[in-house]
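Peer 1: sharing a model prediction with you, sequence too.
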Amino acid sequence: MVSGDDFDAIRFVYIVASLLAILSVYLLFTSVIVRYASRYVEKQRTKRRNQFYTYIIEYITGENESIERMEKSVKAEFDMDLFVEILADMMTQLDGQEVPKIQSLLFLPGIRAHYFAKLKSSANQQRIDACLYYSKVIDINDEELRLLRQYVKSPSPLLAHAAASGLLSSKEVRIRFEALTQVVHNPRISRLALIEIMYRFHTLALDQFEEESECISKLLVDTSIPAHNIGVVIRAITDIGYGQLLMVLYDLLESGFRSEDDEVIDALIYSMGQFQFGPAGDWMIDTTVGHANPRIRKSTAQAFEAFNDVRFLPYLKQLAQDPVLDVRIRAIFAMVAMGPEGQTNLDELAMQTEELQELIGRIRDEMEVV
Amino acid sequence: MNIFLTFIEYAVISYFLTINLVYMVLITISFFHIRKQIKQKDVFSLSGLFSSNLYYPISILAPAYNEESTVVASVRSLLQLQFPNYEVIVINDGSKDRTMDVLIENFKLKKVDRYVPLILSHKPIKAIYKSDLYPELLVVDKENGRKADALNVGINVSRNDLICSIDADSVLEPLVLQSMIRCFIEDESTIAVGGIVRIANDCIFENNELKEIRVPKSFLARIQVVEYLRAFLFGRVGWDYLDSLLIISGAFGLFDRKAVLKVGGYLHDTVGEDMELVVRLHRYYRENKIPYRVRFIPEPVCWTEVPETKAVLARQRNRWQRGLADTLWRHRKMMFNPTYGRLGFFAMPFFFFIEMLGPIVEVGGYFFLFITWVFGALNIEFALVFLAASILLGMVLSVSSVLCEEFTYRRYPQVRHIFIMFFYALLENFGYRQMHSWWRLMGLVDFLKGNKSWGEMTRKGLGTATKQAAAKPVAPKEPRKFPFGFLFLFLFIGSGVMYKYRAVIWPEAPIRYATLDPSPDPASPDPTFESLLSKGHYHLVLGTFLSESNANRFLESLPAALRDSAEVVKDALPSGYLVFRVRVGRSDTPLTTATMRRAYALRPGDYPDAYADRYDAPGGTKPPAADLVMKPTSHVQPDSILTQGYHHLVIGTFRTEAEARRFMNDLDTLKSIANVVPHVTASGKNVFLVGLGKYAKPYHTWRIRGWYGFGDDDFPDAYTGWVSAD
């Protein structure tokens, strides 16, 4: 093994081993200290939380409406974060008149100044924390607005999303629309994140459907927006239920708007189906039943099912013989759902091939039970 | 031989350093990455998303094979998850026990017809059941085809965009799906997400929810707690940061169904289907240049029961190793291939050289230690210190993961749990680590033999607050198999020990002198054979003096036989001392022990009286440092190490005690500090050593150095280890 005069190696390893032993013990005791420290912090949090709860509840119920008392107790960063956390939690639990009262507490000068300082920070994490605070605040001043607008354009998806959330908490449709416009132009935003933003844009409590619809209609015709984002916007507005936009969507479909973008066409077909807007079916017969993209053919079958109109049965029958299995399955499901006439058509279809017969049989079985 | 041993030695040390360097880098990355993830987890609020119908619904696929003791609790826990739209598909993979019956009884299952497109091939489905109680529960009963086959059935049955594959014996925390879906919100190109797996043994579950986290009681499970923390908290988090995650645990992973279908689902003919799928996804997306991400997040927890018996654990680890080897072999094209970027140049080589070959190196290292020990070439001191360093390095890594846990999730509630984990991080190095390496090595052997069996896994079931012993069937006791592995190990070590001490065990055994003595007859020894020293191939430094006059005086005191061939040479020690050595030898550069051994066809360890390497006396050209003086000592004559009484040199080796004593008596002034001690050489020869020193077990050179304040290289003339003179 190691030769006789390799004492350097032994001494070196010996020193390394000693250092490692010291490091192990150091890490162990650091772990223990961290544990005790976190317990202490948790104890303090519980104590402060109980105190803050008492103050907030007394403030809401009118027993003690003194703001100064809260201002005095919420001074350290630790307290501010906790205080905001409690308020945010209470806002999700309560509704009615209490909510604006709780929201007003978010404006305590110290808290606002603290988060504004964070918003101005050069560290992304600080900015994100601040943006999340502003996502709970309704009234944003100009300077805060300027920074939030700036951050929406950030290359960091987290900061951009957080800043958009901050802007979307505004009562003003104009500001929310600004945030939405920025976000929807981002080609890298995920489908789910965009849906989340769309749902935040629409503020149920404020009943601003008209204004919101007007803004969205502008978005829909903006060809600089990536197709997949427009597709998501169309699906989201359908899902939220912007009925005012139905005709806008139909016009887009009929005029062949972005007809080269399958995602937009697919979303428009989905929208027509969800709104059960039968007149769009005629256009689909001409255009999408024989579309090259199987996903669009499948959506067409789904839309026909939603229209629940027997005049679409021949086309469903055609789709039930589609080369793509997924489309066949969807079309057969649609035909079964259409009742006796659909069943008759299916019986005819089942005569054609054994494969179709089996497929129809199994889907029928399933639909009877499920 | 020496060159070979040195090569092996350096190879092992370099390997060891590389592994630990990589681990250190990973843990540093992970520490910061986890903290960042925790801070940013609230950015994506899900309230809007869940108000819509547009988020991805999830199908949870839970393959079950002989899980009658755990399946009901697991399914109930799955049905309690907090996610607006998901279905649970339990796939009974041809269980031989009552898994299907308990599912039917507990969930009021009824047979249904459900069209299942055969997108991925699998063993036939016997029936599909739906629950009357829980509409989101679907149970598929199929013929046995192993986990991958069952998962493929689940994928075919599922109609949702995301599939979550879990083990049916696992319990998910209620918010796991919400945590995991955040990855898909954050990045559209995400195709797979893994979560952390923690150990549920001895934890308390109430109403199928985790009530109290406890550290398991069993030794093996406790060790696995540390192992899992290490593997998940810094292994996978680090790989996630580097965008090179190759494994998503089969016990818990969320996948984009379309992506899985694109690559053809799970492979049937592998036992590492979870890793294989992830690597195949990487490969497909990289080859087709489609942007994608495979993520790991440590927040969502899947609690799972781990094996508590050696037999089951051995089978599990064997299987994991086979799966790893199989996956790396199948996708060997990715290795060092620029098409695969970081995966090809970093992750794949890491898994190949460190995870796959690790057991070979580790077991090989033990074997090498053993061999060098048998042949007397082992520097026990170095080996022990090196072993201690490697254990402590492992400890540092384990304790770092415990610290990481403390800074982040603090799942184990009590302070004593930290100490338990620390203790087991230490304990795992003694026995468990060696066993583990052995199991993994056997896994590699089995892989080479083409073994693709899964192996039976027995579960005792997850703990509940109220004792329900009657409800839980006890896992069948496994038939005891003859431990061939241990027998082999025992015979191997035993034969080595017997070989080393065979002359002691059989003292009457004929002693072979052939290689040492041209006259093999012990009755009439060759008169010329007295000692290696007297053969003229001298290489020993007999004394080291601070003054030339003392050295000369010492030289004069030597017996005539020695004096004629001895000389005084000036020498500068590496630490700066100018000394005078009394050296015996015919050449300026004395022969090394290895040369001597070769000359006499001896074995390593036969003559520990000589230093092993060349000693190149620089000839005293180095001036002494003015401020360096010998440390004060209580000894009377500090002139020479040899005359201090703590000597440790063997100056003669004889076949008979009489010859040795005669030689000793000739030593004149050295006689007073010389001893004759019987010695059995490593090659089994009974010899008598003439040693200079008061102790039967002479002191170690480094200790003598310590006393005198010399540097490490000051005395290469002495052997470094103990002589077992007794």
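Peer 2: Good, I have the coordinates. Numbers count the residues shown, from 1 in each chain, chains lettered A, B, ... in the order given.

Peer 1: I'd like the mean pLDDT over the host helix or strand of B:A314, please.
Peer 2: Per DSSP states H and E: B:A314 is located in helix B:310-330. The predicted model gives helix B:310-330 an average pLDDT of 93.

Peer 1: for the nearest residue to B:I248 once chain neighbours are set aside, phi and psi?
Peer 2: In this structure, B:I248 finds its nearest non-sequential neighbour in B:G194, 3.5 Å apart by C-beta to C-beta, 6 or more residues apart in numbering or on different chains. From N, CA and C alone the C-beta is placed, and that goes for glycine too. Dihedral angles of B:G194 (phi, psi; degrees, to the nearest 10) stand at phi -110, psi 150.

Peer 1: kindly state the beta-bridge partners for B:G194.
Peer 2: Note on B:G194: beta-bridge partners by DSSP bridges are B:G253, B:F296.

Peer 1: who's in contact with it?
Peer 2: Each residue near B:G194 by C-beta atoms under 8 Å, 6 or more residues apart in numbering or on different chains is listed here: B:R236, B:L245, B:I247, B:I248, B:S249, B:F252, B:G253, B:L254, B:V294, B:R295, B:F296, B:I297.

Peer 1: surely the first one is within a helix?
Peer 2: Yes - assigned with DSSP: H, G, I helix; E, B strand; the rest coil, B:R236 falls within a helix.

Peer 1: what's the separation between it and A:Q51?
Peer 2: With distances taken as C-beta to C-beta, to the nearest Å, B:R236 is found 41 Å from A:Q51.

Peer 1: do the same with B:R315
Peer 2: Distance of B:R315 to A:Q51, given as C-beta to C-beta: 56 Å.

Peer 1: which of these two has more neighbours?
Peer 2: Neighbours of B:R315 and A:Q51, each counted by other C-beta atoms under 10 Å in any protein chain shown, are more numerous for B:R315; the result is 20 against 15.

Peer 1: run through who's touching the one helix or strand A:C131 maps to.
Peer 2: Take DSSP H and E as the rule and A:C131 turns out to sit in helix A:124-134. With C-beta under 8 Å, 6+ apart as the test, helix A:124-134 has contacts from A:84, A:106, A:115-116, A:118-119, A:121, A:140, A:144, A:148, A:151, A:154, A:156, A:158-159, A:162-163, A:165-167, A:169, B:36, B:39-40, B:42-43.

Peer 1: among those, name the ones in helices.
Peer 2: Residues of the contacts of helix A:124-134 located in helices (DSSP state H): A:84, A:115-116, A:118-119, A:144, A:148, A:151, A:158-159, A:162-163, A:165-167, B:36, B:39.

Peer 1: which helix runs longest in chain A?
Peer 2: Using DSSP H, we find that the single longest helix of chain A is helix A:7-61.

Peer 1: just to check, B:G253 is in contact with B:A192?
Peer 2: Yes - between B:G253 and B:A192 there is a contact under C-beta atoms under 8 Å: 6.3 Å.

Peer 1: for the helix or strand following the longest helix of chain A, packing partners?
Peer 2: Next helix or strand after helix A:7-61 toward the C-terminus (DSSP H and E): helix A:67-73. Judged by 3 or more C-beta pairs under 8 Å, 6 or more residues apart in numbering or on different chains; DSSP states H and E, the packing partners of helix A:67-73 are helix A:7-61.

Peer 1: distance from the helix it packs on to the middle of the chain?
Peer 2: Averaging C-alpha positions (C-alpha atoms, centre = their mean, to the nearest Å) puts helix A:7-61 36 Å from its chain's average.

Peer 1: near chain B at all, that helix?
Peer 2: Yes - against chain B, helix A:7-61 shows contacts by C-beta under 8 Å from any C-beta of the partner chain at A:7-11, A:13-14, A:16-17, A:20-21, A:23-24, A:27-28, A:30-32, A:34-36, A:38.

Peer 1: same check, this time on stretch A:208-223
Peer 2: No - Stretch A:208-223 does not reach chain B (C-beta under 8 Å from any C-beta); its nearest approach is 14.0 Å.

Peer 1: what does that stretch contact?
Peer 2: Taking C-beta under 8 Å, 6+ apart as the rule, stretch A:208-223 contacts A:173, A:177, A:180-181, A:184, A:201-202, A:225, A:230, A:233-234, A:237, A:242, A:244-245, A:248-249, A:252, A:257-258.

Peer 1: buried residues in stretch A:257-277, which are they?
Peer 2: Under the neighbour-count criterion of 16 or more other C-beta atoms under 10 Å in any protein chain shown, stretch A:257-277 has A:257-258, A:261-275, A:277 buried.

Peer 1: by proximity to chain B, which residue of the stretch 251-370 of chain A wins?
Peer 2: Ranking the residues of the stretch 251-370 of chain A by distance to chain B (C-beta to the nearest C-beta) places A:D365 first, at 3.2 Å.
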